[in-house]
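**Q** The amino acid sequence is not available; the structure is as follows:
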DNA sequence: TGGCTTCTTCCATTCAATGGTAGAACGTGC
DNA sequence: GCACGTTCTACCATTGAATGGAAGAAGCCA
């Protein structure tokens, strides 16, 4: 019973609290939050109250805790992806208009593609790639497009640690996919997420010729027409890259 | 030189750090961040390093600090507005398709409308209502639509404290605007933000008949056709409200 | 090269953070 | 309506984590 029996700082605890929210869960019971974050109830309670006072969290009736609107506001108005999304949105709208497909934009975070923006195909509701959602590199066209254009070192590191949790894919297969994507200039993947859809993605290069994002579409198998999709995506990706330069 | 000379807790400091980012600024110099947050440089530095370790901030070369992608991810995947936005997006897309106007969705935060989602008019780039941006209630149709359907107490409190920083608008004028919006079921405002545009917004009511959001469009003056716009917005707003009920 | 700014590290001091405990509030079944 | 389990909230003595000035390192520009 001292200052931090568990040996972590206040900052660590605040982070644990925020990270304790399971994906997609907007609200949590205080007790459950304490459990999930591994903090003693009284500590969790005290921290939540403090954070609520600033609006980073919201403490509702009955110990109901949710992320604060104020936090959402602060993060989104100063988002690290702001410039990227602003540059990309007009081009994404073009793609959506012309091809009428689900369009998405992803960046590389660790060994996963993190989707930062998305436009839905008109009329359809289903779209797996949620904003702020992740997909492992080896099963997403966006992930492959991104990884295929990273430095040799990073790719080597990635392949080194690669292991398919389901044991179906070997690192050699992934190596091949990456080589192919690098050579073709786009990545494609059929029916991995959804058996009836294709994913196609191209890298977005910034001024320094680094692949900072991937622009992709998810199309129904029936409408798969590479020769039409790829040039459109590549053109848009170049446009985005040019915007990023200024 | 003790534990917190300024008398605020670690949590307070973390919040100050995050709030120190000026709207729209994605990155900040460490020294400037320390200044803006009012923290001693060494304290700011230590906290930034800790937060960076968890990815909530990112500490780049040369003391360059930005919000972390990890924080963006956590906040957006558990956003308090997630349910609202998911319910609203399909309807917003409908509006965009049918009317081809800038569509936006706002909630009430304090005495301001906070824009949580937005779709741009095809082809146009300009759109003042940025995501995570704010507009005072009395100069935004969304704000008026929201406030007009709040409880009598809240409205009274709002009008009580109201004061136009520019001294042009009196609280009586605002009272009148609110009454009108409440009676008509929609709020309209001409050329306040941009001299050539109209804003029209309708409230979105949840299951408990509380106005939880406002759905609005911004149209060029020339294309202003109330009799077409309002019914479309109201229909969409009802649809959104119905979704929120489940 | 010299001077200026900005970043980073160090460490003795001390008070804010901690968490077990107790009690209040809530919900639920009998 | 009572008793029981659960969850939330408040308290407070203990103590080690947080603090921030100062000095050194690293850039940067003229």
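**A** Nice, I can see it. Keep in mind that this is a model prediction, so the values were computed, not measured. Numbering: from 1, shown residues only, chains lettered A, B, ... in the order given.

**Q** Mark out where each domain of chain A begins and ends.
**A** Per automatic domain parsing, the structural domains of chain A span A:10-75, A:79-245.

**Q** could the ones you listed go into CSV alongside distance to residue B:184, mean neighbour count and mean pLDDT?
**A** Heads up, the C-betas are built off the backbone N, CA and C, glycines and all. Formatted as CSV, the domains of chain A follow (distance: least, Cβ to Cβ, whole Å; neighbours: other Cβ atoms under 10 Å in any protein chain shown; pLDDT from 0 to 100):
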stretch, distance to residue B:184, mean neighbour count, mean pLDDT
domain A:10-75, 28, 18, 95
domain A:79-245, 31, 19, 91
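
**Q** Can you add distance to residue B:20 and give those back as a markdown table?
**A** Formatted as a markdown table, these follow (distance: least, Cβ to Cβ, whole Å):
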| stretch | distance to residue B:20 |
| --- | --- |
| domain A:10-75 | 10 |
| domain A:79-245 | 15 |
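
**Q** Ok, which of these comes nearest residue B:100?
**A** Taking Cβ to Cβ as the criterion, domain A:79-245 is the member of these that comes nearest to residue B:100, at 11.1 Å.

**Q** mind checking the end-to-end distance for the closest one?
**A** 18 Å (Cα to Cα, to the nearest Å).

**Q** Who are the packing partners of the longest helix seen in chain A?
**A** Using DSSP state H to define each element, chain A has its longest helix at helix A:226-245. Counting contacts by 3 or more Cβ pairs under 8 Å, 6 or more residues apart in numbering or on different chains; DSSP states H and E, helix A:226-245 packs against helix A:82-99, strand A:197-205, strand A:211-220.

**Q** Any idea which of those gets closest to residue B:34?
**A** The nearest among the helices and strands packed on helix A:226-245, by Cβ to Cβ, is helix A:82-99 at 22.7 Å.

**Q** ok and the closest one relative to strand A:211-220, angle-wise?
**A** Relative orientation of helix A:82-99 versus strand A:211-220 (axes from the mean of the first three to the mean of the last three Cα atoms, to 10 degrees): 30 degrees.

**Q** what's the next secondary structure element after helix A:82-99?
**A** Using DSSP states H and E, the helix or strand that follows helix A:82-99 in sequence is strand A:102-109.

**Q** the inter-axis angle of that next one versus helix A:226-245?
**A** Interaxial angle of strand A:102-109 relative to helix A:226-245 (the same axes, to 10 degrees): 50 degrees.

**Q** from the chain's centre, how far out does strand A:102-109 sit?
**A** 6 Å (Cα atoms, centre = their mean, to the nearest Å).

**Q** Please look at residue A:226 and residue A:188 and confirm they touch.
**A** Yes. In terms of Cβ atoms under 8 Å, residue A:226 counts as a neighbour of residue A:188; the distance is 7.3 Å.

**Q** what is in contact with the two at once?
**A** Residues within reach of residue A:226 and of residue A:188 at once, by Cβ atoms under 8 Å, 6 or more residues apart in numbering or on different chains, are residue A:200.

**Q** Now the phi/psi pair for residue A:136, please.
**A** Recorded main-chain torsions at residue A:136 are phi -60, psi 150, according to degrees, to the nearest 10.

**Q** Quick check: closest non-adjacent residue to it.
**A** Residue nearest to residue A:136 in three dimensions, not counting chain neighbours: residue A:112, with 5.5 Å by Cβ to Cβ, 6 or more residues apart in numbering or on different chains.

**Q** Quick check, that neighbour in contact with residue A:135.
**A** Yes. In this structure residue A:112 lies within contact range of residue A:135 using Cβ under 8 Å: 6.3 Å.

**Q** Report whether the one helix or strand residue A:32 maps to contacts DNA strand D.
**A** Taking DSSP H and E as the criterion, residue A:32 maps to helix A:30-37. Yes. Residues of helix A:30-37 contacting DNA strand D under Cβ under 7 Å from any atom of the strand: A:30, A:31.

**Q** is any part of the helix or strand just after that helix close to chain B?
**A** As assigned by DSSP H and E, the chain's next helix or strand after helix A:30-37 is helix A:41-53. Yes. Part of helix A:41-53 sits near chain B under the criterion Cβ under 8 Å from any Cβ of the partner chain, namely A:47, A:50, A:51.

**Q** of those residues, closest to residue B:79?
**A** Each of those was scored against residue B:79 by Cβ to Cβ, and residue A:51 proved nearest at 15.9 Å.

**Q** Now for that closest one: which residues touch it?
**A** A:14, A:17, A:57, A:68, B:11, B:15.

**Q** Contact partners for the residue nearest to residue A:63 when sequence neighbours are not counted?
**A** Computed as Cβ to Cβ, 6+ apart, the closest residue to residue A:63 that is not its neighbour in sequence is residue A:30, at 3.6 Å. Residues near residue A:30 by Cβ under 8 Å, 6+ apart: A:41, A:44, A:45, A:48, A:59, A:63, A:64, A:65.

**Q** swap in residue A:196?
**A** With Cβ under 8 Å, 6+ apart, residue A:196 has these contacts: A:220, A:221.

**Q** For it, grab phi and psi.
**A** phi -100, psi 10.

**Q** Minimum distance to residue B:96: which of the domains of chain A has it?
**A** Residue B:96 sits nearest to domain A:79-245 of all those, at 9.5 Å, using Cβ to Cβ.

**Q** Check the offset of the closest one from the chain's centre.
**A** For domain A:79-245, the distance to the chain centre is 10 Å (Cα atoms, centre = their mean).

**Q** Residue A:241 reaches residue A:209, doesn't it?
**A** No. Counting by Cβ under 8 Å, residue A:241 stays clear of residue A:209, with 9.0 Å between them.
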